[in-house]
Structures are given as structure tokens and as C-alpha cells.
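Student: Here is a sequence with its predicted model. Questions after.
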Amino acid sequence: MGDSSNSKSKRRVGVAVDFSPCSRKALRWALENLIRSDDELILITVLPQAYYETGEMQLWETTGSPLIPWSEVLDPHVMKKYEANPDPETLEIVSNASKQNGMSVFMRIFWGDPREMLCESVGKTSLDCLVLGNRGLGTLQRAIMGSVSNYVVNNGTCPVTVVKS
């Protein structure tokens, strides 16, 4: 039995972040209730589809970015290259948590429809589970836009936790 517990110890926990208050709430929940020091925290962010002239961005648009180490996420020049704009509060929450428990942290960026890309991120990033916030859209907005969290819960290929705002 000794070896089987070892193989399960390191998990890849994904947290969907769009740098909004509800995604910060989901992030805090994951850090307080789910993530252990031997886990990898993968922040998944989905940016709007765009058409890039540069070859690098064209490559990433279909596959998602490579795993970006936390030290590079903290570098505004690197984030500008990906056209991502993490808010200071999210950066601080994750930096403090990673200092306290020593977990590995990465970010992965996808482009396109958040519902589809969050589901795709599970397989492309080998996530063991995914945590996301629920914006609490009103009935009309949800009917028009569709709920991202509903879609991911119904179509994701790993356990999905929705943290209500």
C-alpha cells in the first residue's frame, strides 16, 4: 500500500481566474479548503479570441500557452506578451499562499469561449480537479449568455467545484 499513496499525493488543482472578485473568492476557497503543499496550483485564465500577427501567439491560440511559472506571472513584461493583466490582489493572494505552504504555482492562458476553453483546459493541462467562481448572473443574463459554471460542471472531464459568490 505504501507506493499507491505516494502516486496520489501530487495533484494538479486548476482554479479558473478572470481577476474578478468572484474568481478571487474561488481562489481563496481552493487555497483554504483543497490545496496541499505537495499539489500544483494551475491558474487557468481564458482571454477573448483575437487574431494575432505574431507566430508565437498564433501557436498558443489553438493549444493554450505553455505552463507559465509563477515568477514569470509576477513579471509585467511577460504578462504583457500574453496580453494578460492579473490584478494585484490575485497576485498577492497566490504569492502569500505559495510562500506559506511551498506549493508549485503556474498559470496557463487559453483564448476563446470561456465555457469551451475551461473544459479543454482540463485535458490539455491534466487537471485532477477544477475550481471556479459563480458570477451569480440574473435569470435573464444567464438565459442570454449561458452560465459558464453550469456548462463546465456538465461538460468537464474532472471533478468541478463551483464557489458561489
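Tutor: Nice, I can see it.

Student: residues contacting P69?
Tutor: Going by Cβ atoms under 8 Å, 6 or more residues apart in numbering, P69 touches 105-106. Where C-beta positions appear, they are placed from N, C-alpha and C, glycine not excepted.

Student: beta partners of it?
Tutor: Beta-bridge pairing of P69, defined through DSSP bridges, involves F106.

Student: Under a three-state scheme, what state does E89 occupy?
Tutor: helix (DSSP: H, G, I helix; E, B strand; the rest coil).

Student: What sits closest to it if chain neighbours are left out?
Tutor: Computed as Cβ to Cβ, 6 or more residues apart in numbering, the closest residue to E89 that is not its neighbour in sequence is R24, at 6.1 Å.

Student: could you pull out the strands for the protein?
Tutor: 12-16, 40-47, 68-69, 104-111, 129-134, 160-164 (DSSP state E).

Student: export those to a markdown table and tack on distance to T62 and mean pLDDT?
Tutor: What follows is the strands of the chain, written out as a markdown table (distance: least, Cβ to Cβ, whole Å; pLDDT from 0 to 100):
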| stretch | distance to T62 | mean pLDDT |
| --- | --- | --- |
| strand 12-16 | 19 | 96 |
| strand 40-47 | 14 | 94 |
| strand 68-69 | 17 | 96 |
| strand 104-111 | 9 | 95 |
| strand 129-134 | 21 | 92 |
| strand 160-164 | 23 | 89 |
